[in-house]
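>>> test case, fold it:
(one chain, ligands or ions: 1)
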Amino acid sequence: MKTDLFPEHIRPHLIPKPKGELYYQCLGCGAQHSVEKLLYVCPECNAVLMIHNRHQEELHKLSGTLWQQIFDYRKMLKIPALKGIYRYHEFIGPILPLESILYLGEGHTPQIEASEFLQEKVGIRFFYKNDGQNPSASFKDRGMASALSSIKYLIDQKLVSDVIAVCASTGDTSAAAALYASYLGPLIKSAVLLPHKKVTAQQLSQPLGSGARVFEIPGVFDDCMKVVEQLSTRYPVALLNSKNAWRILGQESYSYEIAQDFDWDMTHKAVVVPIGNAGNISAVMNGFLKFFKAGIIDRLPKIIGVQSEHADPVYQYYLEPDKARRVFTPVDTRPSVAQAAMIGNPVSMPRVVAIAEEYNQASGQNNVFFVQVTEQAIMDWQLTANQNGHIACTQGGECLAGLVKAKAMGLIALNETVVLDATAHAIKFSEFQDLYFKNRIPRPYHIVPDPERVNLPELVSPENPDLIPSQEKRLEKSEFAQFVQEISEKIAQKMDLTPVDP
Ligand SMILES: N[C@@H](CCOP(=O)(O)O)C(=O)O
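The predicted structure follows:
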């Protein structure tokens, strides 16, 4: 729609101009640093950073209702930079001119209500927000759109050049980083570090396909992360992990979209998020907080963070009820089908602690909870979801297992509506489904396939091998008719079908 057709009170706000003043704030010592350079940790104390807008209060001068209308009307615009996560420009990257914004189709992923059967089985109303429908098939694209737009901005301002971007990954981050960096080639080149044999074949193929340098490292994700941290402190490289605070800004869009999809009504809503490097849960909480402070939503949804018992450092931390006595201890991970979240020392842990505290305070009650689930439950619930019309990855299965657990623990009330984060597309993790169906899941996962859920292909061949069609030997017309007849009869028999009357 043309801008002069929008209501008059919306027009001045419809297309955002660069505004505000962003700065990095250290979560350790509180020092502030300019965003005009690449920075990932505080140069003074090495702690992680958050990005704040010095003029955030300016945004609060518009009413929450007006913001809602602005975002609703922006849906109708055809401007590429505003089609993705930057619909919420003022809350994500207000200093960025539209020309610096990278849009590859990320964001605004569908929120699909669970099938009637599945909702009945779980006993609660819930939706899957399918972040696997992002361009590289995971939620990481939200953060990469933001991080790479910020780098493009620095390049456009001639503040940096010839950027080499690096990240450590369990498979989703690398796919997203390589995709977005390659779009900005040759201005940016990327390299990704993966734990050898601990990402799926599909995920390994993604950065290779995007032309990134791919380094496989013996060890687990946490080891790769340490190498990347070392690289980013000793060499002039851009770190694309969520240690980079721009990633958090982009991933906040997930919350903004949920709020908008519920028509800004967050009454009795809960959001379930799997936790790996902990950037996502930090972003999800922070996003809702920002909208709450701006009056765009009038209550904060409940947040449930889920971890597998094979990679549960955040859950373990919160097991201690007395916050003064909580001590964070990294854990050694064990093999997990929620491989993307197989992280024992999440870089965003200090963010989780700080933001969850603020979230609970702003909610006026405890509103952030953590649950732990078994590997068996993750796999069983993923398959159950997908056998009922969903496209959840194993982390999506982890969320559903987490919902079931939270409900059993009384953390979710029956009048609540829940959104589960399917962080990636099911096909990225189909190897685990395959292993389950073939009863070949290695012992350390502690998963026994449930025969009810197993689904394997059946080969249906004619009795007479001469009736098998092939490229080399075409069947005669009558032979082919015989082939079709025999195969259809066999399938009908297997499916218990009775012929219809001619
Ligand atoms: N699960 C992640 C691990 C890296 O997390 P990030 O928050 O630093 O991107 C992945 O897919 O690599």
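>>> near the ligand, which residues of the stretch 251-400 of the chain show up?
Applying C-beta under 6 Å from any ligand atom, we find that the stretch 251-400 of the chain lies next to the ligand at 276-277, 279, 340. Yep, even glycine has a C-beta here, placed from its N, CA and C like the rest.
>>> repeat that for the stretch 101-250 of the chain.
Where the stretch 101-250 of the chain comes near the ligand, counting by C-beta under 6 Å from any ligand atom, the residues are 140, 169-174, 221, 241-242.
>>> most widely separated two among the residues you listed?
With C-beta to C-beta as the measure, no two of those lie farther apart than G171 and S242, at 14.5 Å.
>>> which single residue of the stretch 301-450 of the chain ends up nearest the ligand?
Using C-beta to the nearest ligand atom, A340 is the residue of the stretch 301-450 of the chain that sits closest to the ligand, at 4.1 Å.
>>> just give the nearest non-adjacent residue to that residue, would you?
Closest residue to A340 apart from its sequence neighbours, by C-beta to C-beta, 6 or more residues apart in numbering: T170 at 4.8 Å.
>>> mind listing what's buried in stretch 455-462?
Across stretch 455-462, burial judged by 16 or more other C-beta atoms under 10 Å covers P462.
>>> alpha carbons of it, in CSV - could you do that?
As requested, the backbone C-alpha atoms of stretch 455-462 are provided in CSV (Å, rounded to 0.1, in the frame of the first residue of the first chain):
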residue,chain,number,x,y,z
ASN,A,455,7.6,-45.8,10.8
LEU,A,456,9.7,-47.4,8.1
PRO,A,457,9.3,-47.7,4.4
GLU,A,458,8.1,-50.9,2.9
LEU,A,459,9.3,-52.1,-0.5
VAL,A,460,6.5,-53.4,-2.6
SER,A,461,7.7,-55.4,-5.6
PRO,A,462,6.0,-57.8,-8.1
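>>> can you tell me the SS state at L66?
Taking DSSP: H, G, I helix; E, B strand; the rest coil as the rule, one finds L66 in the helix state.
>>> what sits against it?
9, 13 (C-beta atoms under 8 Å, 6 or more residues apart in numbering).
>>> same question, the one 5 residues further on
With C-beta under 8 Å, 6+ apart as the criterion, the residues that contact F71 are 87-88, 256, 260.
>>> in which helix or strand does it reside?
Using DSSP states H and E, F71 sits in helix 64-74.
>>> could you export that helix as PDB, CA atoms only?
Taking Å, rounded to 0.1, in the frame of the first residue of the first chain, the C-alpha atoms of helix 64-74 are listed here in PDB:
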ATOM      1  CA  GLY A  64       1.300   1.500  23.500                       C
ATOM      2  CA  THR A  65      -1.800   1.600  21.300                       C
ATOM      3  CA  LEU A  66      -0.100   3.800  18.700                       C
ATOM      4  CA  TRP A  67       2.900   1.400  18.600                       C
ATOM      5  CA  GLN A  68       0.500  -1.500  18.000                       C
ATOM      6  CA  GLN A  69      -1.000   0.400  15.100                       C
ATOM      7  CA  ILE A  70       2.300   1.300  13.700                       C
ATOM      8  CA  PHE A  71       3.400  -2.300  13.600                       C
ATOM      9  CA  ASP A  72       0.100  -3.500  12.300                       C
ATOM     10  CA  TYR A  73       0.200  -1.000   9.500                       C
ATOM     11  CA  ARG A  74       3.800  -1.800   8.700                       C
END
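>>> if we can go back for a sec, residues near the residue of the stretch 301-450 of the chain closest to the ligand, how many?
Counted with other C-beta atoms under 10 Å, the neighbours of A340 add up to 30.
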